[in-house]
Structure formats: C-alpha cells, structure tokens
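Colleague: can't give you the sequence, but here's the structure:
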DNA sequence: GCATGCACGCAAAACGATGTGGAAACGGAT
DNA sequence: ATCCGTTTCCACATCGTTTTGCGTGCATGC
C-alpha cells in the first residue's frame, strides 16, 4: 500500500489513469459513461477534493475574486459584497472581502492581494497612488473599479450617477429655500466628493439662483469625519442653512455635532447624506439622502469581471456603466423656510 | 534566451541556484550576506512574486484564513472581521470574509471554502448541520468558533458572556417594574437565543420575583425577524410590558412594528437588544442593549487560530474563552413604572 | 601538512494537478 | 481479411515552489 494521495489515489481505486480522472473532473475530453461512473464512485468513496494550489499552478487560475474596500464597517460595502456574491457564486467563483481599514491602508493590503493571484479584483478605493496603480497594471490581474475610474488600461468601471443625484438634491434644497450651503467631503479632494459637489452646483446654476459659494471641507467618510467637518465649517462662519455631506456616515456624525452645538435640524440647518444606508432612516430626524444602489453596483461589477475573465481578451473596449440614483427626502431637510425670493 | 519564469528566472539573473533563492525567501537556512543581496536585487529587478499555488502545493499552507459569517450586512460581523484582521495581517495572513447570506446558506458556501484549503476557518454560524460538521472535522482545517461551541474535536471557541449580560438586563427590567416579558429569538432555537433568555430568567429567579413566564418566539436575526416576532407575540396576548430581543437588528425591527401598532416605547412597552451596534444609539428612542465586544471577539479568535497554526499540535487542550459584556441602558427601557410591589 | 568541522550552495526529488500526442481497441466498409 | 476512422484511455512533460542530502572551499586544531 503505497498510500498515494490526491488524484493518483482516485485513479488507483477507480482502476484508471491519472489523466482520465482529470478528464472526468474537467470535462475537457469525452470519457465513456462506464469509466466516468467508476471514477465518480472513487471520488465519492475517498472524499477527494482537488488541491487548488496544484490546480492553479497549471491552469493559472484560482477561481476566486477579491473585493477590496476602504472600510468594511461602512454598511454600504457589505451590500456591494452581497451583490457581487449574487453573481459570482453561481458562476463558481469565491468572493473574498478584504478590508483595507482605511483609504490609506490600501497600499499595505494590495501587496497581500496581488501575491494571492486572485483572478479578478474589484476595487472601491478613492485615492490610488501611482505606485499602486502601476503594481496593479503590470500584475496582469483583471480589475474592475467601483465608484470611479481607476485609470488602468482595460479595466472597466461602474459608478452611480452621483452628480445626477446631487442635482436633484440641489433642486430640493433650493425649493425649500436653502442658500448658504456647506459641503463636507470625504478623503482629501477625492473624485466622488467633487462629483457630488458638482451636481449640486449645477442645480443651482440651472435655476439661475444666487448661490453663496459652497464652502467645502474634506475629512473622511466616517462619523468622526462628519463631526470634524462641522467644526471646520463653523470655524469659517456660523450661518449655514444647509450642510450637504458626501455620504451618510458623515451626515450622521455631522448631526451629532450640530446637535451638540444646540442647533436644531432641520429648522436651523438642513442635513443630507448619500448612499441611503439603513441607518439613514433610523436616525432622528430621519436623513434626507440619495440612494446609491449598492447591491446593484456589486452585481454589475461582478458581471463585468466575469465577462472579461471568460472572453480572455483585452479585445473589448473599456466599459463604463453608470447606475441611476434616486433622491430620498426625509425629515432632515424638509420643514422650514418656504419664503424668501 | 530560454525565458524561464518564476524563481528560476530570479536564480538565473542572480547567478545562483533555485534553492538558494528559496532559502533567501523563506529564511529556512542561512545565506551569506553577499548572496542574499544579489538575490534580493534580482527579485526587485524582475518584480518577482512567488506563485502561491506552487508554494502551497509544497508547503501545504496558504497563509490565508477565512471568516464565515451568516450575514455580512449585520454590522456586528464587519467589526469581528476588523478585529481578526488587526491580528492576522501583522502575522502575514490574509483574511477573507465570506458571506453565507443566511444561516441556511452555510452549507452551500462551506464546500467552496473547504476546496480553497484555507489554513484556518473562523465560523460564526449557529445551526451547523451534522453533515457540515463532519465535513469540517475531516477536512483537517483548523477551526475556531465564534459565539458558541461548534462541537468539533480540537477546535477552540470564543464567546461573549451572553447570559451574564442578559442577567444584568433582567435586573434592570425588574428595577423598572417590567413583568410581562416577551422574548424574540433568532433562528430556530439557536443556542445563543437560549443562552440569552436563560440569563434573563436567572435574574428574575434570583430576585424571587414572580415572572409571567416569558413567551418566546424564534424568527431570524434581522429587522424583518423583529417585525415578525412582534406579530407572533401579539397574536398570543397584547399586554406585554417589555420585549427582549436576541440582537439589535431584531429590536429595531420590533420597534418599527410596535410603533406601527400605535404603541409607545418605552411607556407602553420597553424594548432591548443585544450587540450594541452603531444603530442602537441612533434609533429613536435610543436602544437599551448589551454590548457585545465584537472587535475583541475577532482579535481573540484570530489569536487562538494563530496559536494552533504555529504549534502545529493538537496537543493543547481545547480552549474556551468568554469575554465579558456590559449593559448599556438607553431610552427604550427607562422612563416608566417605578411602582408596584 | 593532514584530518576535522563549518558555512554555503547546489542538485534533484517531491507536491498534485492539467493537457497533449499517441497507442490500443473497436467497428464498419471494402 | 484488410484498411481506415473513431472512440477511449494512457504516458509523460510541465507548472513553480520547498526541502532534504550532499558537495565544495576555507579556516581551524594538531
């Protein structure tokens, strides 16, 4: 008893060759029904599982995909993950969610991720350094970007219509008489923050309304960021009548801080967010926000990756998909000031 | 130009043998400083990354660990993940978060996970079927269970002192005069639900107080579960003065449904949760709950796994760590009924 | 000057799969 | 019976590492 292991053991108990077992497994070549049955019986009997290392060594594929997010405790990202999994699992891929811990943690984690040779990587990262971009590009790994273009040759991306959503938000603020608007963005000058602010400006421009130029501060996409943002804004002036935040977590943090300062929401100042995470409907007052179709973003990204992985070609042109967003008006912006002209 | 790839290419440009390169990489054998320097230079020049498949093929290790959770959109789990990552990343392990989608999704995902041959698996799963338990056990993979014992030989587990937390909660309810208490648990008869309920009963027993035997219903650990739970409870009787929920999501769902029925919280009925997720402080009224040290659970679990993986022995006895919990009293249980005796 | 011991490197054998070129077996047509 | 085309299976090379067991060359102790 030579105690073979792996596929060799299966081959032995089935009384066939190693390659035949492999054929049965992969279906790459036809195998007679009788042999196939014997092989399958042997596999079941031994409880055999192919070794993924050996397999990927030959096939250069791992059948697994990574989702790299800046902060898994932001409830937006788990939804994206679930969306991706909706599509990937049925296709036989395993999705690994990797948490960079923060925007700046990306670089550290990227090394680990590339080493693992995932077949594809979905990135929801705002500030990608040039060095990291280069590492990604010549790793040859398929990349799909979420939320913004990542600037890598041949990598598709899917985003939400941030500008459109904020334009609708702008109209709404306008209609309720808000004029002195502060904006709290996420990590330094990140594209999403700018895009969102742009939509807002555009709405005011379209209405030809005078617009006390939105003061903007950049912090981080967290509750703490929201608190800091409010402090920074009120250090400049204290007559804001609306504070627009680049995501819901910031908005919730901002509300904490505004309340601490004795301001009433929405009577003194309106607050709005972005994403429409569950908590947006739970806070008091409930938060006006723009719905960001997280799960659909995940699904779409996964489909883009699968398409690229299947037709293993760089042939197809880069795809860029924009999902529409929806304004969700709640209490944090509604009640006041229908006057002024 | 034979165009070697991988370690062989590195060996060639450094002018050493393949094994020497491997030695430099792993540090398993001493290498002279001069050679080490040349090898490292070659590695940098070629941008070489070891192939993880080939590596794991020989070494039988993947340096990656999986965390399997029932529902990644429950904010409790991302915190656990972050805690694990705190410990694992510095140790050179990559953590993959895998979402089973639901308690029942576990089995489906488990196959995928075992195929991938992670070095270790952290499981936060309540109802593990016997078949799955068997698969896990004879996969030989190191397993650490979170929240409860998983019943696998040699697998450690870390849990929170659920019963203790609920005992404190019980005293609190008692002190505020609550007597007719309903309990909404998670997935059918799951251990955590029972444990938590047990702590509650114990507190009442200790006080020698008459206790309208807690009616219990089991649904799922989600907001929807909370709504269903309230419906089920009120189908039995309608004079509850407190509803204790097995986690915060259930509690939040329950509050939605109670409010829909025109009941006032906490005046008509008190509501409590478990976990102390962010949302617990955000809902209105803010939710009394028991703090579950998610991040610390993650850290502890990771340490247990690492210990097992390092001293590759089944020698050490099974470890069982209980983390203490803390009652967090907020508005959802406080105001009313300090009378009666 | 000769055995002895160290420090370094190397060659070669795994590890467990995939996949290609052929060989054997089998029929059907001539 | 011979020939030819299919079908079905196998041997073998290959993927990129890790890991032993051995050579070297050099300083050391006598």
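Modeller: Arrived safely, thanks for sending. Worth saying up front: this structure is predicted, and the values here are computed from it rather than measured.
Colleague: Report the secondary structure element holding whichever residue of the stretch 101-250 of chain A sits closest to chain B.
Modeller: At 4.9 Å from chain B, residue A:112 is the closest residue in the stretch 101-250 of chain A, using C-beta to the nearest C-beta. Using the backbone N, CA and C atoms, a C-beta is placed for each residue, glycine as well. Taking DSSP states H and E as the definition, one finds residue A:112 inside helix A:106-115.
Colleague: What helices and strands are in contact with that helix?
Modeller: In terms of contacts (3 or more C-beta pairs under 8 Å, 6 or more residues apart in numbering or on different chains; DSSP states H and E), helix A:106-115 is packed against strand A:64-69, strand A:94-99, helix A:130-139.
Colleague: Export those as a markdown table, with columns for mean neighbour count, distance to chain B and mean pLDDT.
Modeller: Converted to a markdown table, the helices and strands packed on helix A:106-115 look like this (neighbours: other C-beta atoms under 10 Å in any protein chain shown; distance: least, C-beta to the nearest C-beta, whole Å; pLDDT from 0 to 100):
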| stretch | mean neighbour count | distance to chain B | mean pLDDT |
| --- | --- | --- | --- |
| strand A:64-69 | 25 | 7 | 95 |
| strand A:94-99 | 25 | 3 | 93 |
| helix A:130-139 | 15 | 7 | 89 |
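Colleague: could you dump these to TSV with distance to DNA strand C?
Modeller: Shown next, in TSV, are these (distance: least, C-beta to the nearest atom of the strand, whole Å):
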stretch	distance to DNA strand C
strand A:64-69	15
strand A:94-99	16
helix A:130-139	21
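Colleague: and residue A:299, what element?
Modeller: For residue A:299, the host element (DSSP H and E) is helix A:294-310.
Colleague: Same check on residue A:254?
Modeller: Applying DSSP H and E, one finds residue A:254 within helix A:248-260.
Colleague: Pull out the buried residues from that helix.
Modeller: Using 16 or more other C-beta atoms under 10 Å in any protein chain shown as the test for burial, helix A:248-260 gives A:248, A:249, A:250, A:251, A:252, A:253, A:254, A:255, A:256, A:257, A:258.
Colleague: go on, stretch A:194-203?
Modeller: In stretch A:194-203, counting by 16+ other C-beta under 10 Å, buried: A:194, A:195, A:196, A:197, A:199, A:200, A:201, A:203.
Colleague: how deep is the residue of the stretch 1-150 of chain A found nearest DNA strand C tucked in, by neighbour count?
Modeller: Ranked by C-beta to the nearest atom of the strand, the top residue of the stretch 1-150 of chain A for proximity to DNA strand C is residue A:6, at 2.0 Å. Using other C-beta atoms under 10 Å in any protein chain shown, residue A:6 is surrounded by 15 other residues.
Colleague: dump the residue contacts of residue A:333.
Modeller: Residue A:333 makes contacts with A:172, A:173, A:176, A:178, A:242, A:266, A:270, A:271, A:272, A:288, as judged by C-beta atoms under 8 Å, 6 or more residues apart in numbering or on different chains.
Colleague: In helices, which of these fall?
Modeller: In helices, judged by DSSP state H, the following of the contacts of residue A:333 are found: A:172, A:173.
Colleague: So which of the contacts of residue A:333 would count as near chain B as well?
Modeller: Among those, not one lies near chain B by C-beta under 8 Å from any C-beta of the partner chain.
Colleague: ranking the contacts of residue A:333 by neighbours, who comes first?
Modeller: For the contacts of residue A:333, neighbours were counted using other C-beta under 10 Å, and residue A:272 has the most, 31 neighbours in all.
Colleague: Go ahead and confirm that residue touches residue A:288.
Modeller: Yes - counting by C-beta atoms under 8 Å, residue A:288 is a contact partner of residue A:272 at 4.6 Å.
Colleague: Now the common contact residues for the two.
Modeller: Common neighbours of residue A:272 and residue A:288 (criterion: C-beta under 8 Å, 6+ apart): A:169, A:332, A:333.
Colleague: Make CSV from the residues you listed and add secondary structure and distance to DNA strand D to it.
Modeller: Shown next, in CSV, are the shared contacts of residue A:272 and residue A:288 (DSSP: H, G, I helix; E, B strand; the rest coil; distance: C-beta to the nearest atom of the strand, whole Å):
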residue, secondary structure, distance to DNA strand D
A:169, helix, 51
A:332, coil, 54
A:333, coil, 56
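Colleague: does residue A:216 belong to a helix or a strand, and which?
Modeller: Using DSSP H and E, residue A:216 maps to strand A:215-218.
Colleague: Tell me the helix or strand right after that strand.
Modeller: Using DSSP H and E, the helix or strand that follows strand A:215-218 towards the C-terminus is helix A:223-236.
Colleague: Check the offset of that following helix from the chain's centre.
Modeller: Computed by C-alpha atoms, centre = their mean, to the nearest Å, the chain-centroid distance of helix A:223-236 equals 25 Å.
Colleague: Domain parsing of chain A, as residue ranges.
Modeller: The record's domain parsing of chain A by automatic domain parsing lists A:7-50, A:63-160+A:294-323, A:162-292.
Colleague: how about JSON lines for the ones you listed, with distance to residue B:151 added?
Modeller: Converted to JSON lines, the domains of chain A look like this (distance: least, C-beta to C-beta, whole Å):
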{"stretch": "domain A:7-50", "distance to residue B:151": "20"}
{"stretch": "domain A:63-160+A:294-323", "distance to residue B:151": "25"}
{"stretch": "domain A:162-292", "distance to residue B:151": "33"}
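Colleague: Residue B:126: which of the ones you listed is closest?
Modeller: Nearest to residue B:126 among these is domain A:63-160+A:294-323 (18.9 Å), distances taken as C-beta to C-beta.
Colleague: what's residue A:122 in contact with, if anything?
Modeller: By C-beta under 8 Å, 6+ apart, the neighbours of residue A:122 are A:65, A:66, A:67, A:68, A:84, A:143, A:144, A:145, A:146, A:301, A:302, A:305.
Colleague: excluding its backbone neighbours, what's nearest the first one?
Modeller: In this case it means residue A:65. residue A:120 (4.5 Å; C-beta to C-beta, 6 or more residues apart in numbering or on different chains).
Colleague: Much appreciated, bye for now.
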